[in-house]
Every structure is written in C-alpha cells, then in structure tokens.
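**Student:** Fold the following and give me the result.
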Amino acid sequence: MVAVFLFRDGAPADAGGWALTVLGIALAAAPGVVLFVLAAALASLAALPARVRATPGQARDRAAELRAMSEAIRAARGTRVTRLPFLLWRLTRVAGGARELLGPHAGALPLVSVPFLLLSAAAVPATLVLVAVALVLLLLLAF
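**Tutor:** Model (predicted):
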C-alpha cells in the first residue's frame, strides 16, 4: 500500500525523488523481512533436534559411500581412466553433503545475535504501525 501511495502521481522525475521513493519502500518492507527471517530461524531451531538425532546415521552413510568410492578409485587406477572424472565428481558431491551434515545449527544462528533479537522485537510494533498507516493511505487513495 505504501508503494502504491508513493507512485500515485506517477514515477518520480529526478534522482532525489527516486531515492526517497526507494527508501520509503525499503523502510516499509523492512519489518516484514525481519519477521520472515525470524520465522525461518525459529523453524530451523524447531527442526534442530531431529537433525541432531539423524546425524550419526547420516555420518555412517557418508563414511560407507566414501569407502566405496575409495575402493572404486583404487580399482580404476590400473584400468580405465575415463571413470576417474565421474568418481571425482561423486567425491565432490559427498563432500558438499558433509557441509549440510556438519552444520545443522546454521539456520538458527540469528537467534543468538542480540542485535537481531532487538531488531525483531522492534519489527513487531513497527508492523502494527504499518498496518495502521496502510489503512490511512488506503482511505486517502479512495478519496
């Protein structure tokens, strides 16, 4: 609603007008973005216990896959060299999967940041103010 109000008379003519319009839209969107990141962090925190419980089984699966690839690389040394790039590709995929295995808590990290928590606490009343502002702007646009 804020963007519609800012563009009610058309696009700004000069660079200063565009800067103010972009700043106004960014300020109106900021509380929603912060609350979205907070919700994602809380969802990640809720999923953390299940991921931690699944970590030993996933680590065993990765270790078995690495053992199988190591044996395949040893077997490929003396035979076909054409299989080696495929095996190296699989190795990079397993290594990429290890990053996910070793970092199950990364999504919840914003929750230990005091500035982020303060910003989240400020975003709640700011969202309520934005709802009231949007209603007033809607009335102004209607008349």
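
**Student:** Mind checking what helix or strand follows the lowest-mean-pLDDT helix or strand in the chain in sequence?
**Tutor:** Every helix and strand in the chain was compared by mean pLDDT, DSSP states H and E; the lowest is helix 83-102, with a mean of 69. Next in sequence after helix 83-102, counting helices and strands by DSSP states H and E, comes helix 114-142.

**Student:** Give the buried residues for that following helix.
**Tutor:** For helix 114-142, the neighbour count (16 or more other Cβ atoms under 10 Å) marks 116, 119, 120, 123, 126, 130, 137 as buried. (Glycine included, C-beta is placed from N, CA and C.)

**Student:** per-residue pLDDT, residue 49?
**Tutor:** Here, the pLDDT recorded for residue 49 equals 83.

**Student:** what do you get for residue 115?
**Tutor:** For residue 115, the predicted pLDDT is 92.

**Student:** which residues does it contact?
**Tutor:** Going by Cβ atoms under 8 Å, 6 or more residues apart in numbering, residue 115 touches no other residue.

**Student:** Please tell me how far it sits from residue 121.
**Tutor:** In this view, residue 115 and residue 121 are 11 Å apart by Cβ to Cβ, to the nearest Å.

**Student:** Tell me where the model's unsure across this structure.
**Tutor:** 76-84, 87, 95, 97-104 (pLDDT under 70).

**Student:** Which neighbouring elements make contact with the strand or helix carrying residue 38?
**Tutor:** If you go by DSSP H and E, residue 38 is part of helix 15-77. Contact here means 3 or more Cβ pairs under 8 Å, 6 or more residues apart in numbering; DSSP states H and E; on that basis helix 15-77 packs against helix 2-6, helix 83-102, helix 114-142.

**Student:** how far does it sit from the chain's center?
**Tutor:** 6 Å (Cα atoms, centre = their mean, to the nearest Å).

**Student:** tell me the angle that helix makes with helix 114-142.
**Tutor:** With axes from the mean of the first three to the mean of the last three Cα atoms, to 10 degrees applied, the angle from helix 15-77 to helix 114-142 works out at 130 degrees.
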